[in-house]
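> One predicted model, sequence on top.
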Number of protein chains: 2
Amino acid sequence: MENISTQGFELNGRTYLPPACPVAVICIDGCADEYLSVSAAKGRMPHLQSMSDAGYRGFVRGALPSFTNVNNSAIVTGLPPSGTGIAGNFFIDPETGEEVMMNSSKYLRADTILAAAANAGREVAMVTAKEKLRDILSKDLNGIAFSSEKADEASEATHGISDVEALVGKPKPEIYSADASVYVLEAGVALVEAGKADFLYLTLTDFMQHKFGPYAEESLDFYEALDTQIGRLLSLGAAVGITADHGMNGKNKADGSPNVIYLESLLKERFSTDIRVICPITDPYVVHHGALGSLVMVHVPDGFSETDALKAYIDSLEGVTETYDREQAVARLELPADRIGDFVVLSGRDWVLGKTPDQHDLSVLKGGLRSHGGRYEEMVPMVLSVPLSGDYVRKAEGDPRNFDIFEFTCNNVSAFEQSGRERKSYAGV
Amino acid sequence: MENISTQGFELNGRTYLPPACPVAVICIDGCADEYLSVSAAKGRMPHLQSMSDAGYRGFVRGALPSFTNVNNSAIVTGLPPSGTGIAGNFFIDPETGEEVMMNSSKYLRADTILAAAANAGREVAMVTAKEKLRDILSKDLNGIAFSSEKADEASEATHGISDVEALVGKPKPEIYSADASVYVLEAGVALVEAGKADFLYLTLTDFMQHKFGPYAEESLDFYEALDTQIGRLLSLGAAVGITADHGMNGKNKADGSPNVIYLESLLKERFSTDIRVICPITDPYVVHHGALGSLVMVHVPDGFSETDALKAYIDSLEGVTETYDREQAVARLELPADRIGDFVVLSGRDWVLGKTPDQHDLSVLKGGLRSHGGRYEEMVPMVLSVPLSGDYVRKAEGDPRNFDIFEFTCNNVSAFEQSGRERKSYAGV
C-alpha cells in the first residue's frame, strides 16, 4: 500500500482529501439504527463497538424518498436528488410517458466521487449486491465495478476485473440471501488484500432487513457476519465509514396483514380514472416489499382542475403524513422537478402507499411487510473508524447527511492526522 | 414485596395489568438514542446492554411538540396532547390572553396512570428532578410525589413522604447538575428498598444533554451513574421500562453561534406588530436552552386577513420544515385546538425558532446550543427489562409511542409470564 495516492480532488462543490490508507465506505442497505444497537447488545458486533468507541457513531439524515437508488446515487456524488436526478427506483419518463426503471447511468446528472478518485490516482472498486445498481454507480469509472449477484459475469473489459469468484474464494451467492451482502464485503477485503483497490464503495442489499427485525436470530447472524468483514477491513488499516441508504420499519396492521393505502384506487374512484400513482420503490426485487413503500408520486391528467380538492382529500386519509405539490416537494424534499409526480405523498411509520390491490402481490410477503420510503426511514447511522476532528466535530453536530459519508471518511482522517494524534490500531481487535 | 397488588385497572381507554413485582418507568429527559449507543460502546452502560440483550431495545415516537411537559403529561396518562391538554411548557391562556406556564395540574385534562394505580392498590411514587413537573404529574395521587430539586421540602401531608434526604442518604442536589437526575433514581431505589413504593415513575432533567453531546466525558460519567442505579432497580427484581420525553440535537451555525430564526421579528416587520410568537419550550430553567426550541406557536390579531401570505412566507424561510394552521396542527400533531397558536411552525434538525433577539439571552448558552421541540427530536428509545411477548411483539413493530411505556412495562410482563418462560434474573449483573 506504499503507493497510495493522496492527491486531493474537487467534485460537485466539495474538496476531497483521500488519506494514505485504504478507504472503505460501506452502505448497509436498510440498516435502521436499531439493527446495530441490538446486534451490539447481543455481543455480535465487537468491531462496530470498537469503531463506535475509538471513532464515532451518530445519526445522519438520508435523502427522501428513502429508497435505494436515490440514496446510493446521492452517496456516490455527494449531492441530494435535485443534483443527481435520481428520485426513485422507478419513474415516469416525461419524454416518453413510459414507466421505467431508473437503473441506467444515463439518468445520473452528476459525476461520481468514485470516477473522480480514480482520475486522481486512486485504485477504485465499487461492489454492489444488486446488479441493478452497477451501471448507475460505475458511471465513467476507470476502475473495478461488479455485483455479487452477477459476480461470475465480471470481465476485465466491462467490469475492470475478471475471476471474481476465484479472488473471493467462493461462488457468487443467491441474491435473496444474507450472503449476497456478506459477499460484497468479502470481495472488498479480497480486493484490498490483493492490492487491487485502495478506494472502495461497498453497497449491500436489504433483503434481510425487509424480512427480519433486529432481534431475529437470522438478523443477528447476518450482522455478526458483516462485523467479521468490517473487522478484516479495519485490520488491513482501512479508514472505514459506514452508513445506510434508508431505515426499515414494520408496516402491518394488528392482524399482521400489510397496512396499505391503495391510493390510485381511491383517487380514480373520486376524481379521474386517468390519475396514475407511481410507487418509486418498485424494482426487480419485489419479494422484498411487494412494491409497497411509504412515498408515492401522483400524476394527474393534463387540464385536471381539482388539484386543491385532491390535495385536501389525500391529506385527510388516515396514515398520510405529508402531501406536497410539485413545487413544494422540490423545495422541501430536494427533488428534481421533472422526475416526480404532480403530487408527492408520504405515509407514517407503519403505513405504506400503493396503487390498486391487483397491482401488488402480497403473497410474496411471508411473515409480514417491512419497508421504507418515508420520513421515518430518513435518519440512519453513521459510524467512522477515526474520531471526529477539526471541522468535522461541528459538522457532525449540525445536520450531517448520509451523502456526506465520503467526505467524512476521507477528510476527517486528514483532519485527525493534522492534529498530531496517533490513529488507533484495530489490528487484532 | 409479598403484598404487591396485581389488580388490573382501566384508564383513558386502556387496561393496565400491573405485575407482582416493583414497576419502575424511567423517563430520561432529552435522551436521544445516541447517548445510549455511545455510552454502551464505551462500556459505560452494562445494565442497559443487559436489558437490551435479555429484554428489548427499539424506537418509540414521542408527542409533538417534543418538549418536557408535553411528553411527561402524555406518559403519565397514556394519551397524546389532544387528550392531556398540555401542548407546551408555556402558552397563551385563551381565557385571559396571558402568557403562562403550564405547570399546574389544573391544566391537565385527563386522569393519570399513577393515581389510578394507587387507587388499584399499588404503592405509587413519582419522583421528578424538576419541581415544575411535580404538581402536574401528581394530580389526585394518593401516594408519594417529590422533586430532587426540592427534596428537603417534602412532607408527609403534601408529598406523601418526609425526610427524603435521610432516606436517600444524601442532601438534595443542585438543579443544574448531573446529580439532579441521578438523585431521582437513587430515591427510586431507596423507596423500593424501604418497601415504600412498588409502582414508580422516575423522570429526570435534560440539563446534561442540553450541555453535552454523547462523547463528552461528562456525559459518559452521567450515563454510567444512571446505569448503576438502573442496575440496582433490576437487582431488586423490578420490571424496568426506560424511555425519553424527547431527543436532543445541536442547533448551531458553522461558527458555533445558535442557528436561530427570530420569527416574531420577521413577522412583525412584514405583517403586523400585533403578531405574537410563543416559544413553548420556555420554562424556569433557561440556562438549558435560552427558551429556543424547534417549534413555536404564531398568534395573529383578530381580523388578520393575510393568513395565506403569512403561511407562504413562513414556509419560504430557510430552516422551516413544517407550517400548519390550527386545524392542520390539530389533525397532524394531535394537539388541543384551544391551547396552540393560529399557526404551528417547526424547524429542521439544526435550527431553532425564537421571538426577537432581545427576548433571548444567548449569553447563558456556554459551549453552543443543543435543543429540541421539533420532528428531529421526536423518535426516542424504549428499553424494557423483559422480552416482548404476546401482542406486544406486533405492537412494538408498529408505531409504538413513548406514552405507551406504562402499558409496555406492565402488561408485557404479564404477557411474558403467561408464556410460561422464566424471567431473567438480573441479580448480580
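In hand now; what should we look at?

> by how many degrees do the helix or strand that contains residue A:50 and helix B:46-54 diverge?
Using DSSP states H and E, residue A:50 falls within helix A:46-54. Put simply, helix A:46-54 runs at 150 degrees to helix B:46-54, going by axes from the mean of the first three to the mean of the last three Cα atoms, to 10 degrees.

> And chain B, is the helix or strand following helix A:46-54 touching that?
Moving toward the C-terminus from helix A:46-54, the next helix or strand (DSSP H and E) is strand A:56-61. Yes - Strand A:56-61 comes into contact with chain B (Cβ under 8 Å from any Cβ of the partner chain), by way of A:56-59, A:61. Backbone N, C-alpha and C define where each C-beta goes, glycine included.

> In a markdown table: the residues you listed, plus neighbour count, distance to residue B:319 and pLDDT.
As requested, those are arranged in a markdown table below (neighbours: other Cβ atoms under 10 Å in any protein chain shown; distance: Cβ to Cβ, whole Å; pLDDT from 0 to 100):
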| residue | neighbour count | distance to residue B:319 | pLDDT |
| --- | --- | --- | --- |
| A:56 | 24 | 25 | 98 |
| A:57 | 25 | 26 | 98 |
| A:58 | 22 | 21 | 98 |
| A:59 | 24 | 19 | 98 |
| A:61 | 20 | 14 | 98 |
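
> and the residues you listed as a markdown table, adding distance to residue A:191?
Shown next, in a markdown table, are the residues of strand A:56-61 next to chain B (distance: Cβ to Cβ, whole Å):
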| residue | distance to residue A:191 |
| --- | --- |
| A:56 | 25 |
| A:57 | 26 |
| A:58 | 28 |
| A:59 | 30 |
| A:61 | 30 |
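
> which among those gets closest to residue A:74?
Nearest to residue A:74 among the residues of strand A:56-61 next to chain B: residue A:61, at 10.9 Å, using Cβ to Cβ.

> in the sheet, who's paired with the closest one?
residue A:379, residue A:401 (DSSP bridges).

> Give me the angle between the helix holding residue A:50 and strand A:56-61.
90 degrees.

> Mind listing residues that contact helix A:46-54?
By Cβ atoms under 8 Å, 6 or more residues apart in numbering or on different chains, the list of residues contacting helix A:46-54 from outside reads A:36, A:39-40, A:57, A:227-228, A:230-231, A:234, A:240, A:242, A:383-385, A:387, A:424, A:426, A:429, B:37-38, B:40-43.

> Now find how far off-centre that helix is within its chain.
Relative to its chain's centre, helix A:46-54 lies at 22 Å (Cα atoms, centre = their mean, to the nearest Å).

> cool, stretch A:384-399 as well?
Distance, centroid of stretch A:384-399 to centroid of chain: 21 Å (Cα atoms, centre = their mean).

> can you check stretch A:79-99 too?
With Cα atoms, centre = their mean, you get 16 Å for stretch A:79-99.

> hmm, it in reach of chain B?
No - looking at stretch A:79-99 against chain B by Cβ under 8 Å from any Cβ, there are no contacts, and the closest approach is 13.7 Å.

> How about that stretch, which residues are buried there?
By neighbour count on 16 or more other Cβ atoms under 10 Å in any protein chain shown, the buried set for stretch A:79-99 is A:79-92.

> Likewise for stretch A:294-308?
For stretch A:294-308, a neighbour-count test (16+ other Cβ under 10 Å) marks A:294-300 as buried.

> What sits closest to the residue in the stretch 201-350 of chain A that chain B sits nearest to if chain neighbours are left out?
Distances between the stretch 201-350 of chain A and chain B by Cβ to the nearest Cβ are smallest at residue A:250, namely 3.4 Å. Ranked by Cβ to Cβ, 6 or more residues apart in numbering or on different chains and with sequence neighbours excluded, the top spatial neighbour of residue A:250 is residue B:397, at 3.4 Å.

> now that neighbour: how far from residue A:221?
As judged by Cβ to Cβ, to the nearest Å, residue B:397 and residue A:221 stand 20 Å apart.

> what's the longest helix in chain A?
The longest helix of chain A (DSSP state H) is helix A:217-235.

> Which strands and helices lie in contact with the helix or strand following that helix?
Next in sequence after helix A:217-235, counting helices and strands by DSSP H and E, comes strand A:239-243. Applying 3 or more Cβ pairs under 8 Å, 6 or more residues apart in numbering or on different chains; DSSP states H and E, we find strand A:239-243 packed against strand A:23-27, helix A:46-54, helix A:217-235, strand A:379-384, helix A:405-418.

> deepest of the ones you listed, which one?
Counting by mean count of other Cβ atoms under 10 Å in any protein chain shown, strand A:23-27 has the highest mean neighbour count of these, with a mean of 27.

> List of residues touching it?
Contacts for strand A:23-27 (Cβ under 8 Å, 6+ apart): A:71-72, A:75, A:122, A:185, A:188, A:192, A:198-204, A:230, A:233, A:238-245, A:405-406, A:409-410.

> 6 Å instead?
Residues outside strand A:23-27 that contact it (Cβ atoms under 6 Å, 6 or more residues apart in numbering or on different chains): A:199-203, A:233, A:238-243, A:245, A:405-406, A:409-410.

> ditto for stretch A:166-174
With contacts defined as Cβ under 6 Å, 6+ apart, stretch A:166-174 is touched by A:148, A:151-152, A:165, A:179-180, A:183, A:186-187, A:190.

> Pull out the buried positions in it.
For stretch A:166-174, the neighbour count (16+ other Cβ under 10 Å) marks A:167-168, A:172-173 as buried.

> Can you flag which of the residues you listed belong to helices?
Among the buried residues of stretch A:166-174, the members falling in helices (DSSP H) are A:167-168.

> Let me know the closest of the buried residues of stretch A:166-174 to chain B.
Closest to chain B, out of all of these and judged by Cβ to the nearest Cβ, is residue A:173, at 27.6 Å.

> Name the nearest residue to the closest one, ignoring sequence neighbours.
Per Cβ to Cβ, 6+ apart, closest to residue A:173 is residue A:179, 3.7 Å.

> Quick check: phi and psi at the one you found.
Backbone torsions of residue A:179, given as degrees, to the nearest 10, read phi -70, psi -20.

> how near is residue A:20 to chain B?
Noted for residue A:20: a distance of 26 Å to chain B, by Cβ to the nearest Cβ, to the nearest Å.

> So that residue: helix, strand or coil?
Under DSSP: H, G, I helix; E, B strand; the rest coil, residue A:20 falls in the coil class.

> What ranges in the stretch 101-250 of chain A fall below the confidence cut-off?
In the predicted model of the stretch 101-250 of chain A, no residue satisfies pLDDT under 70.

> Helices of that one, residue ranges please.
Along the stretch 101-250 of chain A, the stretches classed as helices by DSSP state H, counting those that start in this stretch are A:113-119, A:134-137, A:156-159, A:164-168, A:179-193, A:207-211, A:217-235.

> The longest one relative to helix A:179-193, how many degrees between them?
Relative orientation of helix A:217-235 versus helix A:179-193 (the same axes, to 10 degrees): 10 degrees.

> Output helix A:217-235 as PDB, nothing but the C-alphas.
What follows is helix A:217-235, C-alpha atoms only, in PDB (Å, rounded to 0.1, in the frame of the first residue of the first chain):
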ATOM      1  CA  GLU A 217     -31.700 -14.900  15.100                       C
ATOM      2  CA  GLU A 218     -31.200 -14.700  11.300                       C
ATOM      3  CA  SER A 219     -30.600 -10.900  11.600                       C
ATOM      4  CA  LEU A 220     -28.100 -11.300  14.400                       C
ATOM      5  CA  ASP A 221     -26.200 -14.000  12.400                       C
ATOM      6  CA  PHE A 222     -26.200 -11.600   9.400                       C
ATOM      7  CA  TYR A 223     -24.900  -8.600  11.300                       C
ATOM      8  CA  GLU A 224     -22.200 -10.800  13.000                       C
ATOM      9  CA  ALA A 225     -21.100 -11.900   9.600                       C
ATOM     10  CA  LEU A 226     -20.900  -8.300   8.400                       C
ATOM     11  CA  ASP A 227     -19.000  -7.400  11.500                       C
ATOM     12  CA  THR A 228     -16.400 -10.000  10.900                       C
ATOM     13  CA  GLN A 229     -15.700  -8.500   7.500                       C
ATOM     14  CA  ILE A 230     -15.700  -5.000   8.900                       C
ATOM     15  CA  GLY A 231     -13.000  -6.200  11.300                       C
ATOM     16  CA  ARG A 232     -10.900  -7.500   8.500                       C
ATOM     17  CA  LEU A 233     -11.100  -4.200   6.700                       C
ATOM     18  CA  LEU A 234     -10.000  -2.400   9.900                       C
ATOM     19  CA  SER A 235      -7.200  -4.900  10.400                       C
END
